[in-house]
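**Student:** can't give you the sequence, but here's the structure:
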């Protein structure tokens, strides 16, 4: 599978998001009301305030604090170069990412795990909210599905079956892809950002997901994993 793609034309990415405000009480009153309405079907016995720690999932109430990307390198051994765009100023982060992506050939295909449902639309929505121009690789309006240069490793695993979500962690486990144990997981990113002010830890976590997704692509292609010494963090 995926043998028709040139690895050098794939850019693997992952994003990390957090609630826009450090605390529910910091939100303007009108947004508090809209948050209560938006989250009413996801909350169980929780109040809108108690549920606010999950606000980063929604682009209307969250923001991006890190985008990590990986490019395959070719030589005697296949490698991966990983770079992160991170910061507290979301607009600046998105502009830097957009400039980088605009400088890439149009043949470059973006790839992420659950990217079509989360990463790609989230980036586009936040770019629009921040007034950042879309790079050509994210210009999808009016295009036919097969014209959109995006790959989704979760969608590929479904083989047309849309009944369930399959996590990256599960796929790395069943494909025997070694992953480093992290001191945080996705549900803790907001706390690490707003309470611990540890953006560097979030970047490391994001980069590891990019590496894991790149390794999953190698498995999909029936190829050997990229060796640790061939992964470079730029």
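**Tutor:** Happy to help now that I have it. Quick caveat: nothing in here was measured; it's all calculated off a predicted structure.
**Student:** what mean pLDDT would you report for the helix or strand containing residue 68?
**Tutor:** For residue 68, the host element (DSSP states H and E) is strand 62-73. Across strand 62-73, pLDDT averages out at 97.
**Student:** ok, it: who's next to it in the sheet?
**Tutor:** With DSSP bridges as the test, strand 62-73 is paired with strand 10-19 (antiparallel), strand 79-86 (antiparallel).
**Student:** List the buried residues of the shortest one.
**Tutor:** What that stands for is strand 79-86. Judged by neighbour count (16 or more other CB atoms under 10 Å), strand 79-86 contains these buried residues: 79-80, 82-86. (Glycine included, C-beta is placed from N, CA and C.)
**Student:** Other residues contacting that strand?
**Tutor:** 12, 65-73, 93, 96-97, 100, 199, 202-203, 206-207, 210-211, 214, 226, 230-234 (CB atoms under 8 Å, 6 or more residues apart in numbering).
**Student:** If any of those residues are buried, put those into a ChimeraX selection.
**Tutor:** Listed next is the ChimeraX selection for buried residues among the contacts of strand 79-86, using 16+ other CB under 10 Å:
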select :12,65,66,67,68,69,70,71,72,73,93,96,97,199,202,203,206,207,210,211,214,226,230,231
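**Student:** now the helices for the protein?
**Tutor:** For the chain, the helices defined by DSSP state H cover 29-38, 48-51, 90-102, 119-130, 153-158, 168-174, 189-194, 199-220.
**Student:** Let's have those helices in TSV, adding distance to residue 57.
**Tutor:** Formatted as TSV, the helices of the chain follow (distance: least, CB to CB, whole Å):
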stretch	distance to residue 57
helix 29-38	10
helix 48-51	11
helix 90-102	16
helix 119-130	9
helix 153-158	16
helix 168-174	16
helix 189-194	10
helix 199-220	15
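**Student:** Identify whichever of these lies nearest to residue 137.
**Tutor:** Evaluated with CB to CB, those place helix 90-102 nearest to residue 137, the distance being 5.5 Å.
**Student:** so the closest one versus strand 79-86, what angle?
**Tutor:** Counting by axes from the mean of the first three to the mean of the last three CA atoms, to 10 degrees, helix 90-102 lies at 150 degrees to strand 79-86.
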